[in-house]
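Trainee: Here is the input, now give the coordinates:
(chains A and B)
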Amino acid sequence: MTIRLYDSRAQSITDFVPLVDGEVGLYVCGPTVQSSPHIGHLRSALVYDLWRRWFTYRGLRVTLVRNVTDIDDKILNLAADTAEEWWARAYRYELEFTAGYTALGILPPTYEPRATASVSEMQAIVATLIERGHAYPAPDGSGDVYFDTVSWPTYGALTNQKLDDMVSATDADPRGKRDPRDFALWKGTKAGEPESASWESPWGPGRPGWHIECSAMSKRYLGAAFDIHGGGLDLRFPHHENELAQSTAAGDDFAHHWMHNGLVNVDGQKMSKSLGNSIFASEFLAMARPIVVRYFLAAAHYRSTIDYHDGALEEAEAALDRVEVFLGRAGRRLAGTRFVGVGSRVVSDAFAEAMDDDLNVPQALGALHDSVRRGNAALDDDDLDTAAREWQHTRAMVEVLGLDPYAPEWRGSDEGAAHTALATLVDKLLEARNSARAAKDFANADRIRADLAAAGITIEDSPSGSHWSLEQ
RNA sequence: GGUGGGGUGGCCGAGAGGCGAGGCACCGGCCUGCAAAGCCGGGCACGCGGGUUCAAAUCCCGUCCCCACCUCCA
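Mentor: Numbering: from 1, shown residues only, chains lettered A, B, ... in the order given. Modelled structure (predicted):
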């Protein structure tokens, strides 16, 4: 088995060969914690969670590093307008991101470094770049240090752009730049900026530029050469291009593969503050059960754009329900039989093949639903041997996708005293209904079913008894 | 202007030369006292115009349209 992935620098699918046999080092650009997370942020984190889970299922030891950018112009500016300290603001939003990830069943990364904790590592890279002639302190006394793009012949390699074709930023402040395309590695502290956001450096007090942090943190935790660098498609340029330039110009191998996840649109449009169409994580998670939200965000291929529109979550809910109903049905039927030990808890071959092929989750979901259908058909035929095999496959698949409805992270209101009380009452009503049915008193039997339905409880009759479930 | 990604049945969404992935919705049938759930079957999809081929949604040429990035952004 070989896992294949689309390398966005090579612009082609390649076999993934780890630098160290049996291990994967994966660095992912996390958010700038300046405001509340939206569904795009959730999607991005989810994509790498799925990669990580699949690598792990395939026996690789994954080191996943996802940074938190907790120092940046935006954070400083936004905090300056309020009484809140910039670091308090950053941390407050960091907690919101964590809450969103947790709610979606996204596993914590191996480590989640904050930019502010690696300033000296950043300075070391800046110093190397100056030494090698690829960076220069601005001559205007600002304390800024810029990367010299013209000095680096392969600048533009990641996004396949030529320096000459680039439209130079119209709103960029040229300050002490030699060339408008040069970017800041270090920003000198300006008047009025908080002292807490200022670090001593050989070039004067200041703070890091945006791109340098990822070069420093990936090196610190994964090494000068590591397997995969991931992030949102919108980060390819300039962020990742700049990271690549500064790390390689400083003499590091840097990432061997680049991976970019697609963005999330709303009704065909990019989410943006001016349009006011952003869907925030907290709102989105309130629109459906979190596991349904996860299914929705995971169901499209990780490289394609997801377009959220009304009804999308309902569709995801229906699709996931089908899987859940099978798991419940099969579990009840197989319990206590000798078939419960039949088969092994591994994914189906079709599923594995799809996942190996650049994490083709949509196709893998096709395989999942195939197992569900075959399992249901076997249960209809009372072929418990086949049913048990498909049940095990389904459990394994749902588990790698982080969509196991019985996993602890999705457990919520269906436990506790209230649920026990409800179960007792419903069971009593079902008993009454079944005696009515036995006596062919269908009027009463149907009235009980209607009463339960009005309370949001659905009844399913089967040869082995009646099962009830709460509409979610 | 430059660099990428797209246009697939009512909807979502894979596939990338040859049996119509899968899901949702809909229609028929089986099952059921009736339902629900499930199963079986159904609608003959690939932006458009050419071409290559025994065979094209998939390859080639042309053409139209959409989106993203080049400025902070997952």
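Trainee: quick one, strands of the stretch 251-400 of chain A?
Mentor: A:254-261, A:264-266, A:269-270, A:306-308 (DSSP state E, counting those that start in this stretch).
Trainee: for these, which one ends up most surrounded?
Mentor: Stretch with highest mean neighbour count among the strands of the stretch 251-400 of chain A: strand A:254-261 (a mean of 23; mean count of other Cβ atoms under 10 Å). Bear in mind the C-beta positions are built from the backbone N, C-alpha and C, glycine included.
Trainee: Touching it from outside, list them.
Mentor: A:5-9, A:14, A:16, A:19, A:27, A:43-44, A:47-48, A:51, A:158, A:215, A:218, A:224-233, A:235-236, A:240, A:243-244, A:247-248, A:302-303 (Cβ atoms under 8 Å, 6 or more residues apart in numbering).
Trainee: For that strand, which strands pair with it and how are they oriented?
Mentor: In its sheet, strand A:254-261 lies beside strand A:225-232 (parallel), with partners assigned from DSSP bridges.
Trainee: Okay, now the unreliable bits of the stretch 351-472 of chain A?
Mentor: A:412-415, A:472 (pLDDT under 70).
Trainee: Chain A now?
Mentor: In chain A, residues with pLDDT under 70: A:1, A:167-175, A:412-415, A:472.
Trainee: how about the helices in it?
Mentor: A:39-57, A:73-80, A:86-103, A:119-131, A:212-222, A:241-249, A:281-287, A:290-299, A:312-334, A:349-356, A:361-380, A:384-400, A:417-438, A:442-454 (DSSP state H).
Trainee: okay, now A:Val150: neighbour count?
Mentor: 12 (other Cβ atoms under 10 Å).
Trainee: ok, now A:Leu104?
Mentor: 23.
Trainee: possible to save the strands of the stretch 251-400 of chain A as CSV with distance to RNA strand B?
Mentor: What follows is those, written out as CSV (distance: least, Cβ to the nearest atom of the strand, whole Å):
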stretch, distance to RNA strand B
strand A:254-261, 6
strand A:264-266, 4
strand A:269-270, 4
strand A:306-308, 5
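Trainee: can you tell me which of the contacts of strand A:254-261 are up against RNA strand B?
Mentor: Counting by Cβ under 7 Å from any atom of the strand, A:Arg43, A:Ser44, A:Gly231, A:Gly232, A:Leu233, A:Leu235, A:Arg236 from the contacts of strand A:254-261 sit close to RNA strand B.
Trainee: ok, so what distance separates the nearest residue to the last one once chain neighbours are set aside from A:Arg9?
Mentor: Distances taken as Cβ to Cβ, 6 or more residues apart in numbering put A:Thr159 closest to A:Arg236, at 5.4 Å, once the chain neighbours are dropped. From A:Thr159 across to A:Arg9, the span is 9 Å (Cβ to Cβ, to the nearest Å).
Trainee: coming back round to it: among the helices of chain A, which comes closest to A:His467?
Mentor: helix A:312-334 (7.0 Å; Cβ to Cβ).
Trainee: which residues are contacting that closest one?
Mentor: Under Cβ under 8 Å, 6+ apart, the answer for helix A:312-334 is A:287-289, A:291-293, A:295-296, A:299, A:340, A:365, A:368-369, A:372, A:375-376, A:379, A:384, A:387-388, A:390-391, A:394-395, A:398, A:403, A:405-406, A:462, A:464, A:467, A:469, A:472.
Trainee: just stretch A:153-166 next, same as before
Mentor: Contacts of stretch A:153-166 (Cβ under 8 Å, 6+ apart): A:8-9, A:11, A:149-150, A:181, A:236-237, A:240-241, A:244-245, A:248, A:258.
Trainee: Kindly write the PyMOL command that selects the buried subset of these.
Mentor: A single PyMOL command selects the buried members of the contacts of stretch A:153-166 (16 or more other Cβ atoms under 10 Å):
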select buried, chain A and resi 8+9+149+181+236+240+241+244+245+248+258
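Trainee: Of the contacts of stretch A:153-166, which is the nearest to RNA strand B?
Mentor: Checking the contacts of stretch A:153-166 against RNA strand B by Cβ to the nearest atom of the strand gives A:Phe237 as the nearest, at 3.7 Å.
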